[in-house]
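1. Sequence and predicted structure below; questions after.
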Amino acid sequence: MPLRKENIELGNKIKAGIQKALRKLVETSAAKNETLVISGPNGEVLIVPAKELLKKYR
């Protein structure tokens, strides 16, 4: 069953909203000098300063 245009657009809006929320989380955490727990490339758990993650968004 092919994807309908409306579903594709909704999916894109959801992805954009998640990216926006994630960026806000990283910016807020960086301003407070906090760390965040993320998943590494091989699924390992990493504790990273938010300021380091913020560099990836610029």
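-> All right, it came through fine.
2. Now do the buried residues in the longest helix seen in the chain.
-> Longest among the helix segments of the chain by residue count, using DSSP state H, is helix 5-31. Neighbour counts using 16 or more other C-beta atoms under 10 Å place 26, 29, 30 of helix 5-31 among the buried residues. (Glycine included, C-beta is placed from N, CA and C.)
3. where does this structure have low pLDDT?
-> Within the chain, the stretches with pLDDT under 70 are 1.
4. Skipping adjacent residues, who's closest to residue 23 in space?
-> residue 57 (5.6 Å; C-beta to C-beta, 6 or more residues apart in numbering).
5. Isn't the one you found up against residue 25?
-> No. Counting by C-beta atoms under 8 Å, residue 57 does not reach residue 25; the two are 10.8 Å apart.
6. ok, the most centrally placed residue in the chain to residue 7 distance?
-> In the chain, the C-alpha nearest the mean C-alpha coordinate belongs to residue 22, at 3.8 Å (C-alpha atoms, centre = their mean). Going from residue 22 to residue 7 by C-beta to C-beta, to the nearest Å gives 23 Å.
7. Check residue 34 too.
-> Distance from residue 34 to residue 7, by C-beta to C-beta: 36 Å.
8. May I have the phi/psi pair for residue 48?
-> Backbone torsions of residue 48, given as degrees, to the nearest 10, read phi -130, psi 140.
9. again with residue 49
-> Dihedral angles (degrees, to the nearest 10) for residue 49: phi -60, psi 140.
10. Let me know how buried the residue lying closest to it once chain neighbours are set aside is, in neighbour terms.
-> Closest residue to residue 49 apart from its sequence neighbours, by C-beta to C-beta, 6+ apart: residue 35 at 5.3 Å. Residue 35 has 15 neighbours, counted by other C-beta atoms under 10 Å.
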